[in-house]
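S.K.: Sequence and predicted structure are below.
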Amino acid sequence: MENVLVKIKLSKISDLYEFVKSIQSIRNKVVARQGLYQVDAGSVLGLCCLDLVNDFVVSIPAASAYLVEKWVKYEE
């Protein structure tokens, strides 16, 4: 299954929990990357290791990308 890279921006702590809940419904492993860090995107503690003030990139199966559409950061 092909993965796509999606830039994500979480604005509130409630977004973090809702995002993780959405990711946990995906059978395949989803990875969040920011700089040199790579963590499990389905883990609240993993995502808290990232600098959530800034956006991060998620590698997600293309068929499941619609689950994170709410948090996609589009280029300005």
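M.R.: Happy to help now that I have it.
S.K.: contacts and neighbour counts: CA atoms only from here.
M.R.: Noted.
S.K.: Could you count how many residues lie near Ile8?
M.R.: Neighbours of Ile8 under the rule other C-alpha atoms under 10 Å: 21.
S.K.: pLDDT at the nearest residue to it once chain neighbours are set aside, what is it?
M.R.: Leaving aside its sequence neighbours, Ile8 sits nearest to Val72 (C-alpha to C-alpha, 6 or more residues apart in numbering; 4.7 Å). For Val72, the model assigns a pLDDT of 93.
S.K.: just checking, Val72 touches Leu5?
M.R.: No - between Val72 and Leu5 there is no contact under C-alpha atoms under 8 Å: 10.5 Å.
S.K.: hmm, back to that, contacting residues for the residue nearest to Ile8?
M.R.: Val6, Lys7, Ile8, Lys9 (C-alpha atoms under 8 Å, 6 or more residues apart in numbering).
S.K.: Next step: those residues restricted to strands.
M.R.: Val6, Lys7, Ile8 (DSSP state E).
S.K.: you'd agree the last one is up against Ala65?
M.R.: Right, the one you point to is Ile8. No - counting by C-alpha under 8 Å, Ile8 stays clear of Ala65, with 11.3 Å between them.
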